[in-house]
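Undergrad: sequence below, structure please.
(one chain, ligands or ions: 3)
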Amino acid sequence: MTDRLPHEKGFHVSWDQLHRDARALAWRLDGKGPDDGAWRAVVGITRGGLVPAMIVSRELDIRVVDTISVKSYSHQDQREAKVTKFPQAELMGDGEGILIVDDLVDTGKTLELVRQMYPKAHFATVYAKPKGNPLVDTYITEVSQDTWIFFPWDMALQYVQPYRGTD
Ligand SMILES: O=P(O)(O)OC[C@H]1O[C@H](OP(=O)(O)OP(=O)(O)O)[C@H](O)[C@@H]1O
Ligand SMILES: O=c1[nH]c(=O)c2nc[nH]c2[nH]1
Ligand SMILES: [Mg+2]
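TA: Numbering: from 1, shown residues only. Ligands and ions are numbered 1, 2, ... in the order given. Sure, this is the predicted structure:
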């Protein structure tokens, strides 16, 4: 595929870069929980949030890990998000002391939905675009709205032609 995406820019993230950025996110969150700085649990938003959620839970030694599954549907130009799997209700309460982690926030539709359910949770993403920025409490790197972030699980190493081409 040589056509450009409808986004002007691409931000290609390697596994190594993602690992470093997710670690930086964990360190920023360290000691910031409401109960003597501690967090009760990490909840990853599937699927992209699972990798940073695992890294955060490992760095901060949080052993309680759960997931919430959010599926986005496109109806004409409107994106609508729906929860298809909930985390444990007794664990979550109103979200107090819970770290909810995703790989990125873009339009904010996903976090908007999850925030309505757990208003007291702390929302953390590795990357953020300006539209979704107000919905996230902590993030590491901001990219412009017209940038598409390519994650390592969506990419593979492949041959590219030399800049000057071949004979
Ligand atoms: O701020 P938004 O506009 O809602 O976009 C951000 C969400 O979109 C992507 O997930 P996606 O729904 O593509 O599913 P996936 O994580 O399973 O890949 C990404 O992982 C975020 O969860
Ligand atoms: O891989 C992705 N990159 C993005 O920039 C993005 N925005 C929403 N959903 C996304 N998925
Ligand atoms: Mg996602």
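Undergrad: next secondary structure after the helix or strand bottoming out on mean pLDDT in the chain?
TA: Within the chain, no helix or strand scores below strand 78-85, which has a mean of 88 by mean pLDDT, DSSP states H and E. Once the chain leaves strand 78-85, the next helix or strand it forms, by DSSP states H and E, is helix 89-92.
Undergrad: and the least confident helix or strand of the chain, what does it pack against?
TA: Secondary-structure packing of strand 78-85 (3 or more CB pairs under 8 Å, 6 or more residues apart in numbering; DSSP states H and E): strand 65-75, helix 109-117. Any C-beta I mention is one placed from the backbone N, CA and C, and that applies to glycine too.
Undergrad: got the CA positions of it in CSV?
TA: Only the C-alpha atoms of strand 78-85 are listed here, as CSV (Å, rounded to 0.1, in the frame of the first residue of the first chain):
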residue,chain,number,x,y,z
GLN,A,78,-20.1,9.7,13.8
ARG,A,79,-18.1,7.3,16.0
GLU,A,80,-20.0,5.7,18.8
ALA,A,81,-18.4,3.7,21.6
LYS,A,82,-20.0,0.8,23.4
VAL,A,83,-18.8,-1.2,26.4
THR,A,84,-18.7,-5.0,25.6
LYS,A,85,-17.0,-6.2,28.8
